[in-house]
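Asker: sequence and predicted structure are below.
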Amino acid sequence: MDNLNDLKQLWQTADTRGLPDSGEMMRMVKKFRSKKINKKLLIIFISILLIGLIIAVMFFYKSVLITTRIGEGLIILACGVLVFTNTRSLKRFYALNDCSNREFLAFLEQTRLNQAYYYKKTQVAGLLLSSAGLLFYLYESVYKDIKALFITYFISLLYLLCLWFIVRPRMYNKQVKKLNATMERLKLLADQINQTVNES
């Protein structure tokens with residue numbers, strides 16, 4: 001009987017402040033989903049806007065060289081890649097509505113795999129198209145002046161190298177760290193919830 005009283009007293013004095021409430025996991029899922037959907041919608045909107053702008057430029061600016069048209073076409077293709085990949089990804093996030101903790105963790109794991117694939121393949125293709133498009137597009141405005149051509153291409157190549165080898169890896173690493181932190185927090189919450197359920 002003494003042991004039962006000790007156990008009861010221990011149970012009542014246990015600190016439960018660190019344990020999540022039942023809705024915290026759902027709030028995290030909704031916040032994550034909402035943030036990703038908004039970001040993808042913004043990227044799609046900006047890409048479509050840029051495609052429209054380039055098409056308008058094609059109609060109003062009468063270029064002399066074919067390089068300008070090639071550049072415009074490559075930039076439109078790069079924007080098309082962005083629209084296509086983000087639309088596909090958007091469908092995944094819309095489908096993520098009601099799910100269990102395990103299903104959401106599996107979804108995040110798939111997101112991590114998709115992120116790595118995007119960084120290694122899709123983003124490379126899109127960036128190659130837009131980089132080549134920019135270099136082709138600029139040629140017409142500077143090809144008659146060697147000094148302007150050299151300065152323009154030097155600055156453009158410097159910008160593209162920074163984009164490829166500094167900005168792109170940093171953005172990817174930042175996204176990976178953020179996703180990993182979210183996954184760790186969710187795993188911890190899921191473990192705490194399961195532990196609470198098993199103890200009660």
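Answerer: Structure's in. What do you need? Numbering: from 1, shown residues only.
Asker: can you name every helix or strand that the longest helix seen in the chain contacts?
Answerer: Identified as the longest helix of the chain according to DSSP state H is helix 24-60. For helix 24-60, the packing partners by 3 or more C-beta pairs under 8 Å, 6 or more residues apart in numbering; DSSP states H and E come out as helix 66-95, helix 101-117, helix 168-199. Yep, even glycine has a C-beta here, placed from its N, CA and C like the rest.
Asker: and it, what's buried?
Answerer: By 16 or more other C-beta atoms under 10 Å, the buried positions in helix 24-60 come out as 25, 28-29, 32-33, 36, 40, 43-44, 47, 50-51, 54.
Asker: likewise for stretch 79-97?
Answerer: So, applying 16+ other C-beta under 10 Å, buried residues of stretch 79-97: 79, 81-83, 85-86, 89-90, 93, 96.
Asker: which among these gets closest to Val142?
Answerer: Cys79 (23.7 Å; C-beta to C-beta).
Asker: ok, and what's touching whichever strand or helix holds Leu161?
Answerer: Per DSSP states H and E, Leu161 falls inside helix 146-162. Helix 146-162 is contacted from outside by 131, 134-135, 138-139, 141-143, using C-beta atoms under 8 Å, 6 or more residues apart in numbering.
Asker: for stretch 123-135, same thing?
Answerer: Contacts of stretch 123-135 (C-beta under 8 Å, 6+ apart): 70-75, 77-79, 81-82, 85, 153, 156, 160, 163-164, 168.
Asker: give the PyMOL command for selecting the buried subset of the residues you listed.
Answerer: Listed next is the PyMOL selection for buried residues among the contacts of stretch 123-135, using 16+ other C-beta under 10 Å:
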select buried, resi 70+71+72+73+74+75+77+78+79+81+82+85+156+160
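Asker: thinking Gly89 is in contact with Asn114, fair?
Answerer: Actually, residue 89 is Ser. It isn't Gly. Yes. With contact defined as C-beta atoms under 8 Å, Ser89 counts as touching Asn114 (7.1 Å).
Asker: low-confidence ranges, this protein, go.
Answerer: Scanning the chain for pLDDT under 70 picks out 1-25, 190, 192-200.
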